[in-house]
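Engineer: Only the shape, not the letters, is given here:
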């Protein structure tokens, strides 16, 4: 992603500090380290871009991520009570983390329950003060797309959202997407899967969470946003 006189590097929510639910500072640092690694490669000092891994591991960002590496896995494997107790003990008394490798046993997308085992949740309407509707939140992101550009959300099999996901999980893309990109609408009396690609704020949740792993996020034309100037 670039504009005249500037090149955007890093800016990746993948460096989000899970245990603190924040990550702007880590995203900025990852971009700075990426620029440093790229600068070294351009200066022909014999370094390639793999140098980035070493820079990251040696930085405060790498150390911070290593300290919290068990946080999510502990919650997923042991639940909120035991997992929370494990995380409290580890982060309070073992600042470098416990010498073990605690990992999730299976991908998150495989942990969705069948719709027959779940009860629909009826949420109160947004009050505009503490809770807000999706279109208002999408507006704040200030992400812009040309309405006629090719859809950047690709379906490996267009029949899966209705044939598989709707039948088994009530098509969860309608709920896990924070921007209302995916909808099941009625067309000629039949359900149809609709993608509102112009609403996308590029969080990649669909690519990660889709239970059939049928959705692939690709970079959109223009690469604009989100910018959040109205927050």
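Structural biologist: Now that the structure is in, tell me what you want to look at. It should be emphasised that the depicted structure is a prediction, and the values quoted were computed from it without experimental measurement.
Engineer: Now do the strands in this protein.
Structural biologist: Using DSSP state E, the strands found in the chain span residues 2-3, 6-7, 153-155, 182-187, 190-195, 215-217.
Engineer: Pull the distance from the longest helix that the chain contains to the chain's centre.
Structural biologist: Scanning the chain for the helix with the most residues, using DSSP state H, yields helix 71-93. Computed by CA atoms, centre = their mean, to the nearest Å, the chain-centroid distance of helix 71-93 equals 22 Å.
Engineer: Identify all contacting residues around that helix.
Structural biologist: Residues outside helix 71-93 that contact it (CB atoms under 8 Å, 6 or more residues apart in numbering): 18-19, 67-68, 70, 97-98, 102-105, 108, 111. C-beta here means a position set from N, CA and C on the backbone, and glycine is covered the same way.
Engineer: how about it: buried residues?
Structural biologist: Under the neighbour-count criterion of 16 or more other CB atoms under 10 Å, helix 71-93 has 71, 72, 73, 74, 75, 76, 83, 86, 87, 90 buried.
Engineer: Could you export the contacts of helix 71-93 to TSV, including columns for pLDDT and neighbour count?
Structural biologist: Below are those laid out as TSV (pLDDT from 0 to 100; neighbours: other CB atoms under 10 Å):
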residue	pLDDT	neighbour count
18	64	16
19	64	18
67	84	17
68	85	16
70	88	24
97	81	16
98	84	13
102	85	18
103	82	11
104	79	13
105	76	9
108	84	12
111	85	12
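Engineer: Closest one of those residues to residue 154?
Structural biologist: Using CB to CB, residue 108 comes nearest to residue 154 of the contacts of helix 71-93, at 20.5 Å.
Engineer: okay, and the helix or strand of the protein with the least pLDDT?
Structural biologist: The weakest-scoring helix or strand in the chain, judged by mean pLDDT, DSSP states H and E, is strand 2-3 (a mean of 54).
Engineer: Residue 80 versus residue 115, what's the distance?
Structural biologist: Distance of residue 115 to residue 80, computed by CB to CB, to the nearest Å: 23 Å.
Engineer: Contacts only, for residue 181.
Structural biologist: 153, 173, 195, 196, 197, 199, 200, 206.
Engineer: now the strands of the chain as CSV including distance to residue 30 and mean neighbour count?
Structural biologist: Formatted as CSV, those follow (distance: least, CB to CB, whole Å; neighbours: other CB atoms under 10 Å):
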stretch, distance to residue 30, mean neighbour count
strand 2-3, 17, 8
strand 6-7, 14, 9
strand 153-155, 25, 16
strand 182-187, 29, 14
strand 190-195, 30, 14
strand 215-217, 19, 18
